[in-house]
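# I need the structure of the sequence given here:
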Amino acid sequence: MKLRLIAALSCVAALGLSGTATAEAYPVKQKVLTENGLYRMGKLPKSPCEEQPVARDDRAAAKRYIGGVMQCLEATWEQYLSENGVRFEGARLKFVSSGYCDINPKWDSDSVYCHDARAVVFKLGRSWLDDPSDLWLLHNTATIYAHHVQRLVDIVYSVDGQAFYDSQTERAERVRRYNLQAACLSGAFVKSVWPLEGRSSRDWKYLLSIVQGDAPGHRSLYGKTANVRLWVGRGFATGDPGSCNTWTAPAAEVA
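Predicted coordinates:
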């Protein structure tokens, strides 16, 4: 069974946040979040992206698959950001077999964006290799890479920090907005390379059916399953990062 949660900020593991999402929305005052230039750049450019073959329990093939997706992500986002005046820096791709950055050592599979190393990091175990035939690895890679994009457009620097919140509940909501935005940017990227050879709308619908949010009783950092699917679907429907402004969204959409 796949672990379907998407990694949050590289520091989230140490936040110590608890509780569940509430219906209260906290005002986001930082214009770099609410009025970022990313929202005015238009749709991502359409481009081809060829999925590499991947087979069950084949870690080497899965690494090649993720590497291919990373090449597509780098090409798309470099063109898009550079043409809109944003200085582009590529992300590194790293595979590990144990703890690194905030990779969870208790999970056999995990992925994070490590800000210090500017790296998309994967730990690939049986839970993610048991059936890699769906779009999960593509979506996961695109979501983690979206945190790199959030870094390039300066969003990440205004998310966490004691100056930005007055309570742990407000802090958790900001992290959810950050993660839901990354999920939406993943959807926009997939739309930019859609249709993929051999894929149909059935594959996309299946992906949406397996993507999940916060598990009951866990820290509320990713959003409810319905909201994760809402934002991934919104990004795919528009193909436009401008539709991924979670920072001005109502509380119900970021719970």
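# going forward, measure contacts between C-alpha atoms and count neighbours the same way
Will do.
# tell me where the model's unsure across the stretch 1-150 of the chain.
1-24 (pLDDT under 70).
# for it, just list every one of the strands.
With strands called from DSSP state E, counting those that start in this stretch, the stretch 1-150 of the chain shows them at 92-95, 110-114, 119-123.
# turn the ones you listed into a markdown table, including mean neighbour count.
A markdown table is the format used below for the strands of the stretch 1-150 of the chain (neighbours: other Cα atoms under 10 Å):
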| stretch | mean neighbour count |
| --- | --- |
| strand 92-95 | 16 |
| strand 110-114 | 27 |
| strand 119-123 | 23 |
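# of all these, which lies closest to residue 164?
Residue 164 sits nearest to strand 110-114 of all those, at 21.6 Å, using Cα to Cα.
# partner strands of the closest one, with direction?
strand 119-123 (antiparallel) (DSSP bridges).
# returning to what we had before: closest to residue 212 out of the strands of the stretch 1-150 of the chain?
Nearest of these to residue 212, taken as Cα to Cα: strand 110-114 at 14.6 Å.
# arrange the strands of the stretch 1-150 of the chain in a markdown table, one row each, with distance to residue 143 as further columns.
Converted to a markdown table, the strands of the stretch 1-150 of the chain look like this (distance: least, Cα to Cα, whole Å):
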| stretch | distance to residue 143 |
| --- | --- |
| strand 92-95 | 14 |
| strand 110-114 | 9 |
| strand 119-123 | 10 |
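# out of those strands, nearest to residue 27?
Nearest of these to residue 27, taken as Cα to Cα: strand 110-114 at 26.4 Å.
# residues contacting the residue nearest to residue 43 when sequence neighbours are not counted?
Closest residue in space to residue 43, ignoring its immediate chain neighbours: residue 240 at 4.0 Å, by Cα to Cα, 6 or more residues apart in numbering. Residue 240 makes contact with 42-44, 188 under the criterion Cα atoms under 8 Å, 6 or more residues apart in numbering.
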